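J.: Prediction below, plus the sequence it came from.
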Amino acid sequence: MTSISNLKVYTTQPHPCSYIADREATTLFIDPQAIITRQIYSHLSESGFRRSGGHLYAPHCRECQACVPVRIPVDRFVQSKSQKKIWRRNQDLNVTNPPHIKSAPYYELYHRYINDRHFDGDMYPPSRDQYESFLTREWELTRYYAFWLENQLKAVAVVDILDNGLSSVYTYFDTTDNRRSLGSYCILWQVELAISLKLPSVYLGYWIKNCDKMSYKSNFRPLEYYIHGQWLCL
């Protein structure tokens, strides 16, 4: 069985940064042939690693430290006034736990979401192959949660259940229903899920101070930031 001590780690060649214009990025990624257990994945999440498809990765840019891993400590989290309104507004949604998200309603919602929100990013244009490779079920740790208003799919959250928390892998939603603030609601729902599972944190991936698309993460307080090898509440 693979252990942390003998994991192989690779570094990509510098490539254009997906978040900051005119910068290059370098990424560390764990050997994709390694056997990843819940314990290993949990340990790596503590060190700022993230999952995309079958890959565990972390930024490793020599000239830039803008990508900061963040997590919500759920036992100390308190909904703000606006978040309480979002929570109440979405209580009419029904949440299911489908075994997969390969069928048409799930992909069609993703397709619309990428076209509307991420037409300037790496995932555009969306395709079925890209969708299935990105949002795979990995290492028997992944759960899919679908949010429905009667028979209308409103949002999907892809979540990995770790020893030390939930890793919010990806969430996509109906971008035409702005009143519901579905992205924020799905995070609030995951906080409640972590509490019910007695897990201490919800990992939200990376936060970049000057990136508007990531600014929503700082609305969840308190928020812990992984800086110089330590999780700090700023």
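T.: Arrived safely, thanks for sending.

J.: where do the strands sit along the protein?
T.: For the chain, the strands defined by DSSP state E cover 9-11, 15-16, 24-25, 27-30, 50-52, 55-59, 68-73, 94-96, 142-149, 152-161, 166-173, 201-207, 224-227, 230-233.

J.: what is the mean pLDDT for the third one?
T.: On average, the pLDDT along strand 24-25 is 92.

J.: residues in contact with it?
T.: Defining contact as C-beta atoms under 8 Å, 6 or more residues apart in numbering, one finds that strand 24-25 is touched by P14, H15, P16, C17, S18, P59, C61, C64. Placement of C-beta: from N, CA and C, glycine included.

J.: Quickly run through the sheet partners of that strand, with directions.
T.: strand 15-16 (antiparallel) (DSSP bridges).

J.: before we move on, the earlier item: would you list the contacts of strand 24-25 in a markdown table and tack on distance to G53?
T.: Compiled in a markdown table, the contacts of strand 24-25 are given as follows (distance: C-beta to C-beta, whole Å):
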| residue | distance to G53 |
| --- | --- |
| P14 | 21 |
| H15 | 17 |
| P16 | 20 |
| C17 | 20 |
| S18 | 15 |
| P59 | 17 |
| C61 | 21 |
| C64 | 24 |
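
J.: which of the residues you listed are buried?
T.: Neighbour-count burial (16 or more other C-beta atoms under 10 Å) applied to the contacts of strand 24-25 gives C17, P59, C61.

J.: Which of these lies at the shortest distance from Y203?
T.: P59 (14.8 Å; C-beta to C-beta).

J.: Many thanks, have a good one.
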